[in-house]
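Colleague: Just to be clear, the model below is a prediction. Sequence and coordinates:
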Amino acid sequence: MLTEIFKGLSITLRELFKPPVTIQYPEIKRPVRQRFRGRHELRRYADGLERCIGCALCAAACPADAIYVEPAENTDAERYSPGERYAKTYEINMLRCIFCGYCEDACPTDAIVLTDVYELAADKRRDLIYTKDMLILPPPSGKPGTPQQVAEGSYPRSILPEGLVSEP
Amino acid sequence: MADLINLFIDDVAVSVPKGTLIVDAAKRADIDIPVFCYHPKLKPVGMCRMCLVQVGRVKLDRGTGQPVLDANGSPEIAYGPKLETSCTTPVEPGMRVITNTDLVKRAQKDVLEFLLTSHPLDCPICDKGGECPLQNLTLTYGPGVTRFDYADKQHLDKHYPLGELIFLDKERCIQCARCIRFQDEIADDHVLGFYERGRKMQIETMSTPGFDSKFSGNTTDICPVGALTTRDFRFRARPWEITNVPSICPHCPVGCNISLGTRRSAKGGGEWEILRVMPRQNEAVNEIWICDKGRFGHHYARSQARLQKPLIKKEGRLVEATWEEAFSLIADRFRAANGKAAGWLGDRVSNEDAWLFGKLFREGFNSAQLVNRPHVAGLDLVARYGVGVGTNLGNLGQGDVVFIVAGDVEETAPVHMLRLKAAVERGAKLIVANARETKMDRYAAISIQYQPGMDTQTVYSLLASVSNQQSAISSQVAKFAPSDNKIKAAGQLIAEAQNLIVMLGDERPYPVMVQGQYTDAGRALAQACANLVVATGHIGKANNGLLPLWPHNNTQGVYDMLSAQGAEALSGEVKALYLVGTDPIGEGQNLPPTDFVVVQELFLTPTAQQADVVLPALAWAERDGTFTNAERRVQRYYKALPPTGQAKADWEIFRLIAEKFGLKWSFFSAEGVMHEIAAQVAAYAGLDYVCLAETKEEWPPVGTSSDLYFGGTAYDNRGGVGAQTKSLFEINGRSELKWIEPPPPSGQSIEPRRLNRPGTLIDQSAIYEVRLRAAELVKIEA
């Protein structure tokens, strides 16, 4: 019987000198998988305009009813996105979101994408309703944010040519 | 029906009346033939070619004209060499229609491919997306791929204002001309047309100001794509995000059935808002149309100016107070008035409110000095001889006569105008008698223009020419025997009429209050019209009787309720006055001298500013209730929005005040009040909220779940079609002729009521303001 005990403890002794498999989160962060789905972001075109056109198809696709979109109309004096329509209000309730990525699939302009950010904890429920300001990326360096004042008739379509190419 | 035609559609035997188009016959057999330009309310044009089908007709022997029989002895069928448009082809006996062969399917695919050559396919940002016939039909019948180059699409203006309320997206338009045809055929405002040809063809407005029609909003409903949008709803929400609540239009006495499209919105501070108003199908009232005032005049329900809390006047200023303080003060003062109390009730409130207002006065305030405002002459006569149960302007036709006197139907009851125009096209005859020209004169078989103020005399001239039978008033009437041939011809029409509806207008001086009593202005005319229908026997039947052009949505209902509560005119001293939903001071009138004034309102009107207590009431969209329209159809509307501030429903305020008088009323909902009304008012017997919510299948089926191609998600009537109440004549069979000497012309100048007149409620719709400004001021003598 003693032999069995020592046999077992020898395994323990052996494993003691191997490197640990656990990671000291949050000091150390493990890289996520390539197709990991985390917090959303709203992207912009290279000239700083928002890709989101406020079509609310993400909200329609959302199985958890976590997205609220309220559109409004662009003008050339105050342009947020190409075309006529932009999202005036864009909110995602992260408490409801199940990170399924359907919103990303539904988006006709690749405006909403799920990033690999997963640290979403907050103290208050209210803080977990992500507004458009929190979701939208800053404009590319050297480019103005939105709204922009643009030349009349320069953005007649809702999608720019670069948006027609689906990017990863 | 006698003229039924039997045919086969996809081997299904169908029997339909002669003259039916193949597309409608198929719909009756639940076979869908896709269409774009065709609309069951419009005449067919065959422009879009979507409805192509194979049509086989019975082969006739050229010599004998008899059907050629095949070996089995059944008639031989000859199919045409090409496909035919089913929306322009009427059915024929023995016809065989095939809608599902490969040939037809290919044609449908090709037509859709063509329609989409220049369509921008911007469904994600299109307001129609989700209730769009082009989307539906492309998914159901379309090819899925196109052989055309995407870069070759025609690009046109996407933000083109046709008028101040309607925008056109020129590249979305598929040139079906539904909007042009609606304006030409239904509204008879020829303000739209095509410009350019071929791929460049565009809708253009021909009027100044642009799209100058009272019915412009309807074109956005029937547009099969998202080419036409309203300024109100443009880019506000997607159709599937909207909650549609059945309601009744709160503006004119037609009582159009509407759907309130509501949603919580960030723009409205996270509150529920009405985003759009759309017609709800009721073939007996408004079919599928509403006027622009009804469509855009809803903003008052969510106005920032709404009263939020009760106000009590302290040291000359109105300050906020609690309901309890307000109720205690009202109870003290009305108790002190000791029966010397009076109530003025506006005619926009619901039947339930009016009933409890009367009950509160009778049982609590111990007074019956109740006045319905604005006071119009002839309310009692309409209650007695109003149009009979079953009346439907949509059924008028050959042999029916409508007589309009002293009123402009287009301005006071716009949707009636559309339906009367259609009735005239079906063969009904219209007689219009007015002091001025109105739009109705276009459709009149006979239009009579009388000298200002001679309306009553004209009606008696007409009556004199209709009959010379002995009656209680025949000797007086005989004095007005006409010399005018037009009136004689009109009399002839009435004498031969199977059904007669008399539309009683109000282009007369309004009755005004002199020492607590209303003057008799307009009474003679109302009595003359009543005499006309009584003397000719056109009462108590469907499509016969008086149909008034009342000022507001519930003028008749408020009268019915107050008169059933035993309302009396003001007599003597008034110590405490209670006004509900009426603004006499704003209209330039005075209140009777009194010590204490309570005003129950939505807004701080000039009258409310003078009050001692102001109570905030709920708007129609924030509560349940019923309205009675001019045809005395009681229709139910539903709560669509949460309350504003601390406001309460009018009937509930009355119940809470009654509690202060020790009255234990057990009304906990408007429905409960309707139970009591049904039990105590003869005409309303048998009504309850359940029967008022009953719906029936409507033809044509527009926007129902089975309908893919007429478009719209708000037409489907799920809120009830209402019920018409009996006129007193139908209840007790008593009628009498009464003589009131026609007054001479007053020489007074009056302003006829216009649809787009400014007012407390409509002024809150900022987008409609331009229409109010544009409407010119007309004054006539009466």
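Modeller: Perfect, thanks for sending it.
Colleague: Report how many residues lie close to residue 130.
Modeller: No chain specified, so I'll use chain A. Residue A:130: 21 surrounding residues under other Cβ atoms under 10 Å in any protein chain shown. Bear in mind the C-beta positions are built from the backbone N, C-alpha and C, glycine included.
Colleague: my bad, chain B
Modeller: For residue B:130, the neighbour count with other Cβ under 10 Å is 18.
Colleague: For residue B:433, which residues count as its bridge partners?
Modeller: With DSSP bridges applied, residue B:433 shows beta-bridge pairing to residue B:405, residue B:448.
Colleague: quick one, what contacts it?
Modeller: Taking Cβ atoms under 8 Å, 6 or more residues apart in numbering or on different chains, we find residue B:433 in contact with B:403-406, B:447-450, B:455, B:458-459, B:462, B:490.
Colleague: Of all residues in chain B, which one is closest to chain A?
Modeller: residue B:124 (3.5 Å; Cβ to the nearest Cβ).
Colleague: Make sure that residue is indeed in a strand.
Modeller: No - Residue B:124 sits outside any strand when classified using DSSP: H, G, I helix; E, B strand; the rest coil, being helix.
Colleague: near chain A, which residues of chain B?
Modeller: B:122, B:124-125, B:129, B:155, B:158-159, B:234-238, B:240-241, B:265-267 (Cβ under 8 Å from any Cβ of the partner chain).
Colleague: The residue of chain B closest to chain A: neighbouring residues, count only.
Modeller: Neighbour tally, residue B:124, other Cβ under 10 Å: 20.
Colleague: Could you report the pLDDT at the spatially closest residue to it that is not a sequence neighbour?
Modeller: Residue nearest to residue B:124 in three dimensions, not counting chain neighbours: residue A:55, with 3.5 Å by Cβ to Cβ, 6 or more residues apart in numbering or on different chains. For residue A:55, the pLDDT comes out at 95.
Colleague: Over to residue B:502. Which of the three states is it?
Modeller: Residue B:502 - assigned by three-state DSSP - is strand.
Colleague: thinking it is in contact with residue B:546, fair?
Modeller: Yes - under the criterion of Cβ atoms under 8 Å, residue B:502 makes contact with residue B:546 at 5.4 Å.
Colleague: still on that earlier bit, contact partners for the residue nearest to residue B:124?
Modeller: Residue A:55 sits next to A:69, A:71, A:85, A:108, B:124, B:125, B:129, B:238 when contact means Cβ under 8 Å, 6+ apart.
Colleague: same thing with residue B:31?
Modeller: Contacts for residue B:31 (Cβ under 8 Å, 6+ apart) come out as B:9, B:10, B:12, B:99.
Colleague: and the first one, what does it touch?
Modeller: By Cβ under 8 Å, 6+ apart, residue B:9 lies in contact with B:22, B:25, B:26, B:29, B:31, B:96, B:97, B:99.
Colleague: which stretch of helix or strand covers the fifth one?
Modeller: In this case it means residue B:31. Taking DSSP states H and E as the definition, one finds residue B:31 inside no helix or strand.
Colleague: circling back: among the contacts of residue A:55, which one lies nearest to residue B:389?
Modeller: Taking Cβ to Cβ as the measure, residue B:389 lies nearest residue B:238 of those, at 41.8 Å.
Colleague: Can you tell me how far that closest one is from residue A:119?
Modeller: 33 Å (Cβ to Cβ, to the nearest Å).
Colleague: Please apply the same query to residue B:59.
Modeller: Taking Cβ to Cβ, one finds residue B:59 at 80 Å from residue A:119.
Colleague: Give me the below-cutoff pLDDT ranges for the chain.
Modeller: All of this refers to chain A. A:166-168 (pLDDT under 70).
Colleague: meant chain B actually
Modeller: Using pLDDT under 70, the flagged stretches of chain B are B:1-2, B:705-706, B:708, B:776-778, B:782.
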